[in-house]
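Participant: sequence first, predicted model second:
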Amino acid sequence: MVLRVATVDELQEVVDLVNVAFRGSEGWAVEFRVVDGPRITLAGLKADLEKKPEALQLVWRDEADDSLVGSMWVEPVGDGVWYLGLLCVRPDAQTRQLGRTLLAETEELMRTRGGRRVRITVMTVRDTLMAWYERRGYVRTGDIKPFPYGDTSVGIPLRDDLEFAVLEKEL
């Protein structure tokens, strides 16, 4: 697998992967029955990249057939801390334990760019996903961020108890 920064021409493919991985009906990490609608749009992703030029939209491709297997967003947020978000693996490839490899490679990329700590946010209702990150060394900080109710650019919440736990890991 090859991990690299996405090209502009790949962004629609990234959007499609993120939406099927987060909001589709297959895979163990979907937000099915929690949030409906697209997780991201092409216009939103392009706007975020323009607004945050230091951020990287990464893609992970299969060397054999060049298919997109995974992707994630990373950005430095200051003082050696990087934010990692939208980590996803194609649903039909999720049983091959590729997510942990993708996460490890992404952490190494952040480390080589001066990262000393990585921060993520996970919806508190997603116990299985939270446990997955904790098994990889992420620790809950105790900070909670509100779900952006009313912001349809991240989807339509199907529950009224959504919030995000902040987790961190030393690199």
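Facilitator: Perfect, thanks for sending it.

Participant: tell me the helix or strand right after the longest helix anywhere in the chain.
Facilitator: For the chain, the helix that runs over the most residues, judged by DSSP state H, is helix 98-112. Per DSSP states H and E, the first helix or strand lying C-terminal to helix 98-112 is strand 117-123.

Participant: look up which helix or strand the nearest residue to Leu87 once chain neighbours are set aside falls in, please.
Facilitator: Spatial nearest neighbour of Leu87, chain neighbours left out: Met72 (4.1 Å); criterion: Cβ to Cβ, 6 or more residues apart in numbering. Where C-beta positions appear, they are placed from N, C-alpha and C, glycine not excepted. Assigned by DSSP H and E, Met72 belongs to strand 68-78.

Participant: that strand pairs with which strands, and in what direction?
Facilitator: Strand 68-78 has the following sheet partners, assigned by DSSP bridges: strand 56-61 (antiparallel), strand 81-89 (antiparallel).

Participant: helix/strand/coil for the most far-flung residue of the chain relative to its centre?
Facilitator: The centre of the chain is farthest from one residue, Ala64, which by Cα atoms, centre = their mean lies 24.1 Å away. Recorded secondary structure, Ala64: coil (DSSP: H, G, I helix; E, B strand; the rest coil).
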